Every structure is written in structure tokens, then in C-alpha cells.
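> model this:
(chains A, B, C and D)
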Protein chains: 2
Amino acid sequence: MDKKGTKQRILDEALSLFAVHGYDGVTVAQIADAVNIKTPSLYKHYGSKRDIFDAILTEMESRYKQQAGSLQMDGADPEKDTGVLLNSSREQLIDMGTKLFLYFLHDDVAQKFRRMLTIEQYKNPTASELYVEQYIDSPLLYQSSIFQYFMEQNIMLNLDAKTAAMHFYAPMFLMLCLCDSCPEREAEALSFIRLHISQFSDIYLVEGEGEEV
Amino acid sequence: MDKKGTKQRILDEALSLFAVHGYDGVTVAQIADAVNIKTPSLYKHYGSKRDIFDAILTEMESRYKQQAGSLQMDGADPEKDTGVLLNSSREQLIDMGTKLFLYFLHDDVAQKFRRMLTIEQYKNPTASELYVEQYIDSPLLYQSSIFQYFMEQNIMLNLDAKTAAMHFYAPMFLMLCLCDSCPEREAEALSFIRLHISQFSDIYLVEGEGEEV
DNA sequence: GTCTATAAGAAGATAGAC
DNA sequence: GTCTATCTTCTTATAGAC
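As a prediction, the model looks like this:
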């Protein structure tokens, strides 16, 4: 049951606490409590409270880079990702967007980390960098590459791809902020997301697009 | 120079500090320092640290409700506001959006308050309510009403108004989050906003719209 | 209303036994 | 690696002089 190792459990529980109360709002004793050890024991695993925070940043950053290539955006190889969508239509765009949104929303660790970065960004330059990269720049770059490709393939109207990416992603970001603040409004947010992607498709997709290529 | 009154200056300086470090990251002594008084003097004006925080919430909430009717969205009387835009065209939509964005971004107190709410929202129900209302629900409702009206007047394509509102507002919100985290990227954000509104107009505005009504 | 002095408790961190 | 005990400093808040 506790086979995860105390050192990792400290990071997990600390993240859970930081994600709500922020770094300054959490005491070392609270973290230790959550792990079911006493405060001094915790110092056998990490040299200081700040070390725990830094370890979370480091762990989450490498986790992000790992998964960037899979489900997620990294702006590295958009054409590979678009391949999956090549024989796609409006329905699949809706599916892609919804899945992206739900991943962002429901991955427990990802959500906690996003909340923590949200809280810490203004006082911590590293948190700010990670926040902007992971939740703004990368998604826009990724979507932009996909849409650029769609436009070249005449699947989408030939407009500015980065702006289209913003039109596609920004509403998801907004609804994500809503859900992070009001989890009870998730159903409502999801329904807006579906409406959004549907209307986005109506607007941006070339009529009669099909299975070309 | 200090004719603002110590009581108000305490609120101002406290907000400046809370907006970066959060409630738990600021000490009463830091607030007192910023006001150039000693800690015990501060307690002659407010009974506790929490009282200062609550006073900020109360003050900003009433300030918000005041100005809601003027430049800003409140969802109360959209038709009155749209009146200003009635003889408007694409250029004026760009102007309206840019001004809205710049107001949000450059009002010093508004920005600090937004940052503070961003930090405090996950642990403080009141902060969460204010955050969601002021930066998500109200803007969407307001824009939605305007666009509903535009659609009825055949100025805009007859699509879902609330989704259109999301397409219009969400990119502003996203760029606002970017600027709050990275103020040095403001010029970039503003240029995206202009591109966004321009492309939004291309998409949503009925061609040859004019001065009807 | 502002100050000096100080109380009372919390918080980060260490010592050393087991 | 975990514990009890403890140290030191920080933090909120109060007492009381001016």
C-alpha cells in the first residue's frame, strides 16, 4: 500500500497541499502529517522545505517533457500528430478537443501541478516559465502547427493559423480555469467546450472536406 | 502626499504585496514597512491581518460593481452598451476589444486584485467566487448579450451567441494571463489580440454590414 | 495614532536515542 | 528511517508610554 516509497509520497502529499494553499500556506508538519510521519523524519529525505518544492518542479518538468510526444502538444513533431487526424472530419476534431480538455482536467497530478504553478507564478520565476510554457505557448504552438497543416491541405479556411489556434485553445484554457476554481461546474464547462468546438468547426472547416491525401 | 489616509494606504500596500506573494507569503511587518509605520500601529487601523484581506475584498467588490455600468461588462444593460456600437463596423469592434483588454491589463489596482484572486482562489471560497464572476461569467454574459443583439440585427452571422462570446473573450483572457505572468510580453500579446479581433471580425461579421437600424 | 517592549505561539530545522 | 526533545527565529498580536 505504501510501496511507493516515503520519498515519493512526500512529493505527492506536498503537491496536494501546495496546489491548494501555496508554498507559504503549507507547513512542513502538515506535509509530514499527510505522509504519516513526524516532521524530523521528513528531513531525512529532503534537506529543507524548499528542496521539496524544487523536487516537485523538477519531477513535473521531466514528466511533462516525457509525455509531450504522446497524447500531448510539444510543438516538436506536429505532422506526425496530424497524421492521426488526416482522415478526420468535424467529428474527430470535436473528439480531439474534448479528449485534450478532459486530459488536462482529469489527470489528478497534472491538475494539482497546474494549480500550484498558478499560485506560485508571480513570485517564482521558474513557476512562471513553466506555467507560460505548458499552458500557453506550447498548446498554441502545437495547435498552430496542426492548423497550418490543415490549411495547406485545404481542410481549413486559409486564415492565420496562430490566431485559429488561439480561437481553438483559448476557450479550453478558460473553461479549465473555471473548473480548477469551481470543480462542480465541470459538466457545464464540458458542454461549452463541445459547443465551442462544434462552432469552431462550422466556421473554420472547409465545407465538403473529406478523406483526401 | 500621504493625504490618502493611513487606513487606505494599508489596503493599497497590502494588495501590492498579496498580489505577488499571496496572503500567507506576506507578514504584517512587511505591510507596515511599506506604509512606513511599525507593526503595532497597523493594529490601530485593522484588528487583524485577516481583517485587512477582507477589507480589500469588500472594497474591490464594491468598486467592481460601481464601474460595471460604465466601461465595463455587467450583463445588466447590454442594449444600452451596444447602442454605442450600433453605427459600428469592423474597425470599431477592434477598437472596443483592444480598449477592453488594455483596461484589464493596465488598471494597476485591477491587475493587482486579479493576481491576488488568482493566487487565493483555491483556498478561499470568496476569492473563487469573485474570480469566476469577474473574469469568466460576467465577461461572457456581457459579450454574449452584445453578440445576441448583433445577430438579431444581422450584423453578425446567426450562430450561438454565447459560443461567439467565448471565441471573442477567451483569447483576451489567455493573453491577460500571459501578461500577468510575463509583463515583458505585453507588446506581443497586444499584437495577438489585434490579430484575433481582426480574424474574429472576418469570420463572424456579415459582409457589407453597415449603419442599419 | 505612533511608538518601544514584549508576550505567546508557530514554524523550520537539528540533536541524538532507538 | 523514525522517533522525542529541543533550539532558534519568525510572526501575530497586545500592553502601555507618549
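
> Stretch A:30-43 near chain B at all?
No. Figure legend: stretch A:30-43 not in contact with chain B (CB under 8 Å from any CB of the partner chain); closest approach 12.1 Å. C-betas here are computed from N, CA, C, even on glycine.

> contacting residues around that stretch?
A:6, A:9-10, A:13-14, A:16-17, A:28-29, A:49, A:52 (CB atoms under 8 Å, 6 or more residues apart in numbering or on different chains).

> same thing but 10 Å
Contacting residues not belonging to stretch A:30-43 are listed as A:2, A:6-18, A:21, A:26-29, A:44-46, A:49, A:51-52 [CB atoms under 10 Å, 6 or more residues apart in numbering or on different chains].

> near DNA strand D too, which of those residues?
When CB under 7 Å from any atom of the strand is applied, the members of the contacts of stretch A:30-43 adjacent to DNA strand D are A:6-7, A:44-45.

> Can I get those residues in JSON lines including secondary structure and neighbour count?
Converted to JSON lines, those look like this (DSSP: H, G, I helix; E, B strand; the rest coil; neighbours: other CB atoms under 10 Å in any protein chain shown):
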{"residue": "A:Thr6", "secondary structure": "helix", "neighbour count": "14"}
{"residue": "A:Lys7", "secondary structure": "helix", "neighbour count": "14"}
{"residue": "A:Lys44", "secondary structure": "coil", "neighbour count": "10"}
{"residue": "A:His45", "secondary structure": "coil", "neighbour count": "18"}
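
> Adding pLDDT and distance to DNA strand C, write those residues out as TSV.
Supplementary listing: these in TSV, determined by pLDDT from 0 to 100; distance: CB to the nearest atom of the strand, whole Å:
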residue	pLDDT	distance to DNA strand C
A:Thr6	98	15
A:Lys7	98	16
A:Lys44	98	8
A:His45	98	11
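
> For A:Arg194, state which of those residues is nearest.
Using CB to CB, A:Lys7 is the member of these that sits closest to A:Arg194, with 41.6 Å.

> For that closest one, which non-adjacent residue is spatially closest?
A:His45 (4.7 Å; CB to CB, 6 or more residues apart in numbering or on different chains).

> cool, and A:Asp202?
With sequence-adjacent residues excluded and distances taken as CB to CB, 6+ apart, A:Asp202 is closest to B:Leu159, at 7.1 Å.

> give me phi/psi at that neighbour?
Main-chain torsions, B:Leu159, degrees, to the nearest 10: phi -120, psi -170.

> Quick one: neighbours of it, just the number.
Burial measure for B:Leu159: 18 neighbouring residues, criterion other CB atoms under 10 Å in any protein chain shown.

> thought it was touching A:Gln199?
Yes. Judged on CB atoms under 10 Å, B:Leu159 makes contact with A:Gln199 at a distance of 5.8 Å.

> List the residues that are in contact with both of those two.
Here B:Leu159 and A:Gln199 have B:His167 as joint contacts, going by CB under 10 Å, 6+ apart.

> need the helix or strand of chain A with the lowest average pLDDT.
For chain A, counting by mean pLDDT, DSSP states H and E, helix A:78-85 ranks last in confidence among helices and strands (a mean of 57).

> and A:Gln153, how many neighbours?
For A:Gln153, using other CB under 10 Å, the count is 14.

> Would you tell me whether stretch A:179-198 gets close to chain B?
Yes. For a cut-off given as CB under 10 Å from any CB of the partner chain, stretch A:179-198 has contacts with chain B, namely A:180-182, A:185, A:189, A:192-198.

> ok, now stretch A:101-117?
Yes. Residues of stretch A:101-117 contacting chain B under CB under 10 Å from any CB: A:112, A:115-117.

> tell me which residues of that stretch are tucked away?
Across stretch A:101-117, burial judged by 16 or more other CB atoms under 10 Å in any protein chain shown covers A:101, A:104-105, A:109-117.

> And stretch A:31-43, by the same measure?
A:31-32, A:34-35, A:37, A:42.

> Give me the subset of the residues you listed lying in helices.
The helices in this structure, assigned by DSSP state H, contain A:31-32, A:34-35, A:42 from the buried residues of stretch A:31-43.

> Which ones among the residues of stretch A:179-198 next to chain B also lie next to DNA strand D?
Contacts with DNA strand D within these, counted by CB under 7 Å from any atom of the strand: none were found.

> Can you give me the pLDDT of the residue lying farthest from the centre of chain A?
With distances taken as CA atoms, centre = their mean, the residue sitting farthest from the centre of chain A turns out to be A:Pro40, at 34.4 Å. Per-residue confidence for A:Pro40 comes out at a pLDDT of 98.
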